[in-house]
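Colleague: below is the sequence, then the predicted model.
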Amino acid sequence: MKITDLDYARQLDREDPLGGFRQRFHIPTGSAGDPVLYLCGNSLGLQPKGVEKALGEELEKWANLGVDGHFAEPNPWYSYHEIFNAPMAAVVGARPEEVVVMNSLTTNLHLLMVSFYRPSAERFKILIEGGAFPSDLYAVQSQARFHGFDPAEAIVELYPRDGEKTLRDEDILAAIEREGDRLALVLFGGVNYYTGQLFDMGAITEAGHKAGAMVGFDLAHAAGNAPLKLHDWGPDFAAWCSYKYLNSGPGGVAGVFVHERHLGRKDIPRFEGWWGTDPNTRFEMGPSFAPQYGAGAWQLSNAPVLPMASLRASLELFTEAGMEALRQKSEKLTGYLYELVTSIGADAFEVITPSEPDRRGCQLSILAAGDGELLHKRLMAADVICDYRRPNVIRVAPTPLYNTYEDVWRFWKILEESVS
Ligand SMILES: *Cc1c(COP(=O)(O)O)cnc(C)c1O
C-alpha cells in the first residue's frame, strides 16, 4: 500500500490506540451535513462532550446551595483551582506546587514579569523571538516602558537568518551570549505560533541563566502539544492558555508555572490578592498578606469555577490518554501530513515548519507562493477548518486527541486539488 492510498490512512486509524478519544468530542458539521475537517486545535480546541456535565454539576450546586457551594463536596469551589495542580503539572512536566491555573495568558505574563523582570540601568534587555505573537510583544514593550526604558532599546527581537524561515538553535544561544550582562529576561515561545517551530527550551534556559538573566516561556502553542519538562529544564516561569490544544473553551482559564527555587521566597516582588494567601487562615481577614506555598501565591482573585469546570472535563482526557502517548501519535500524524503534503511537490507552497519531528509540535505552516488568502478560501469551501495568518501562511494542526489519519489524507487530497 502507498501512503497516498486511502486504505493506508484507514489502516493507521484502526491501529491507533488513541482512536477512541475522537468520539468524546463534538465535531462541528460542515455545509454537506458531514463533520468538518477540523485542523484548528492550535487556535481553539474542540469541545469535549464531558464539558456539559462538568458545567452542569456546578450550575446545579449554585442553584441548589447558593453560597454553600463553596464548601460542598464534591469539588468545593473554595479549593476548586487545586483540582488542576496535578493534571496540569503532568501536561507541562512540573511539580504540582509549581503550577496554578488562573486568569488569562497575557494577564499572567504581566504578573510574572512583575516578579521576574526587574531591570536595572545596566541589565534591562528582554530577548524575544522575532515574529512572536503580538500580545507577547505588546506585553514586553509595555513592561519596558513601565520601568522607564525605551522598548526600541530594551527589546531584542531575534529573527532567522536571511533566506531562512526558522531560527537556528545555535543562533538563539549566540544571541543570549552576545547580550550577556545587558540581558534581564529571555522570554521565548515554546512553539512559535506562525512557523510551528519548537524551540530547545532546555538549552535556552541554560544559556539564559549562564548570562545571568531570568528565563520564561510562553507555552500557548506548546502546552498539550509538545513534550515539556519545565521542572528539569529549570526556567524561572512559564505561562500558557488552555483554549488551544487544551480544549477548555473560548477564553478559558490559563496556566502558570513558577520554578520551585522561587517558591516561598520573600525577596521576590509580586502583585498580591487574597487568593494568594494561605487558605487555612484566609478567612481570618487579617491585614497582612500570608502567602501560601507554591505558584498559587501569585493568585489574586477567587477562582472562576464555571470556565474551570470545562477545563476540568478536558484535562481528564489528557490524564487518561497521557502526554507521552499523545506525543507519540502526534509525531506520527504530523509526520504523515508532512510526507503527503511535501509529496505534492508543487511550486504553489512551501512548508516552513522544521522537517525534524523534535523541532515541531503538531502544526505545519504552509507558506503560499501566490495568494494564500485565496488558497485558504478554497480549503474552507471544502469544509476544511484551518487558519490563515498574515503575511501568507496557512496553519494546519492535526491534534492527536480528535484528528484521524483519514483527516490528514483528506486534507492532502483537498490541498492537492486546490493548488492544481
Ligand atoms: C494565543 C496566544 C496568546 C493569546 O493571549 P490571551 O491573553 O489568551 O488572549 C498570547 N500569546 C501567544 C504566544 C499565543 O499563542
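Modeller: That came through, no problem.
Colleague: residues from the chain in reach of the ligand?
Modeller: 104-106, 133, 135-136, 189, 193, 218, 220-221, 241 (C-beta under 6 Å from any ligand atom). All C-beta atoms are positioned from the backbone trio N, CA, C, and that covers glycine.
Colleague: quickly name whichever of the residues you listed is closest to Ala321.
Modeller: Using C-beta to C-beta, His221 is the member of the residues of the chain next to the ligand that lies nearest Ala321, at 19.0 Å.
Colleague: the closest one - how many residues pack around it?
Modeller: His221 is flanked by 29 other residues according to other C-beta atoms under 10 Å.
Colleague: I figured it hits Val191, correct?
Modeller: Yes - counting by C-beta atoms under 8 Å, His221 does reach Val191; the two are 3.9 Å apart.
Colleague: give the residues shared as contacts by these two.
Modeller: 361, 363 (C-beta atoms under 8 Å, 6 or more residues apart in numbering).
Colleague: what helix or strand is Val341 located in?
Modeller: Secondary structure from DSSP states H and E places Val341 in helix 323-343.
Colleague: quick one, strands of the stretch 301-420 of the chain?
Modeller: 349-351, 364-368, 384-385, 387-389, 393-396 (DSSP state E, counting those that start in this stretch).
Colleague: and the contacts of the second one?
Modeller: Strand 364-368 is contacted by residues 165, 194-196, 334, 337-338, 341, 348-353, 375, 392-397, 415 when judged by C-beta under 8 Å, 6+ apart.
Colleague: put the buried members of those into a PyMOL selection.
Modeller: Paste this into PyMOL to select the buried members of the contacts of strand 364-368, with burial taken from 16 or more other C-beta atoms under 10 Å:
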select buried, resi 165+194+195+196+334+337+338+341+348+349+351+352+353+375+392+393+394+395+396+397+415
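Colleague: circling back: of the strands of the stretch 301-420 of the chain, which is nearest Val99?
Modeller: Closest of the strands of the stretch 301-420 of the chain to Val99 is strand 393-396, at 27.4 Å (criterion: C-beta to C-beta).
Colleague: what packs against that closest one?
Modeller: Strand 393-396 makes packing contacts with strand 364-368, helix 372-381, strand 387-389 when contacts are defined by 3 or more C-beta pairs under 8 Å, 6 or more residues apart in numbering; DSSP states H and E.
Colleague: just name the most buried of the ones you listed.
Modeller: strand 364-368 (a mean of 22; mean count of other C-beta atoms under 10 Å).
Colleague: centre of the chain versus it, how much separation?
Modeller: Relative to its chain's centre, strand 364-368 lies at 19 Å (C-alpha atoms, centre = their mean, to the nearest Å).
Colleague: list the strands paired with it, with their directions.
Modeller: Strand 364-368 has the following strand partners under DSSP bridges: strand 349-351 (antiparallel), strand 393-396 (antiparallel).
Colleague: His70 is in contact with Lys61, correct?
Modeller: No - if you go by C-beta under 8 Å, Lys61 and His70 don't touch, sitting 9.5 Å apart.
Colleague: so who does the closest residue to Thr166 other than its chain neighbours touch?
Modeller: Nearest residue to Thr166, sequence neighbours excluded (C-beta to C-beta, 6 or more residues apart in numbering): Gln197, at 4.4 Å. Going by C-beta under 8 Å, 6+ apart, Gln197 touches 166-167, 191, 353-354, 359-360.
Colleague: out of these, who's nearest Glu157?
Modeller: Using C-beta to C-beta, Leu167 is the member of the contacts of Gln197 that lies nearest Glu157, at 11.0 Å.
Colleague: and the pLDDT for the closest residue to the ligand within the stretch 251-400 of the chain?
Modeller: The stretch 251-400 of the chain approaches the ligand most closely through Ala254 (6.4 Å), counting by C-beta to the nearest ligand atom. Ala254 carries a pLDDT value of 98.
Colleague: please apply the same query to the one 5 residues further on.
Modeller: As summarised for this prediction, His259 has a pLDDT of 98.
Colleague: residues contacting it?
Modeller: 98, 230-231, 234-237.
Colleague: look up how far Ala238 lies from it.
Modeller: According to C-beta to C-beta, to the nearest Å, His259 and Ala238 sit 9 Å apart.
Colleague: what is in contact with the two at once?
Modeller: Leu230.
Colleague: more neighbours: Lys61 and His70, which one.
Modeller: Each of Lys61 and His70 has its neighbours counted (other C-beta under 10 Å); Lys61 has more, 20 against 15.
Colleague: against Leu306, how distant is that one?
Modeller: Taking C-beta to C-beta as the measure, Lys61 falls 11 Å from Leu306.
Colleague: same question, Tyr245
Modeller: Relative to Leu306, and taking C-beta to C-beta, Tyr245 is found at 21 Å.
Colleague: more crowded one of the two?
Modeller: A direct count of neighbours by other C-beta under 10 Å for Tyr245 and Leu306 places Tyr245 higher, at 33 against 14.
Colleague: which SS state does that one fall under?
Modeller: Following DSSP: H, G, I helix; E, B strand; the rest coil, the label given to Tyr245 is coil.
Colleague: surely it and Gly224 touch.
Modeller: Yes - the pair Tyr245 and Gly224 qualifies as a contact (C-beta under 8 Å) at a distance of 3.5 Å.
Colleague: any shared contact partners between the two?
Modeller: Gly45.
Colleague: related to what we said a few turns ago, would CSV of the contacts of Gln197 with pLDDT be doable?
Modeller: Below are these laid out as CSV (pLDDT from 0 to 100):
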residue, pLDDT
Thr166, 97
Leu167, 98
Val191, 98
Thr353, 98
Pro354, 98
Arg359, 98
Arg360, 98
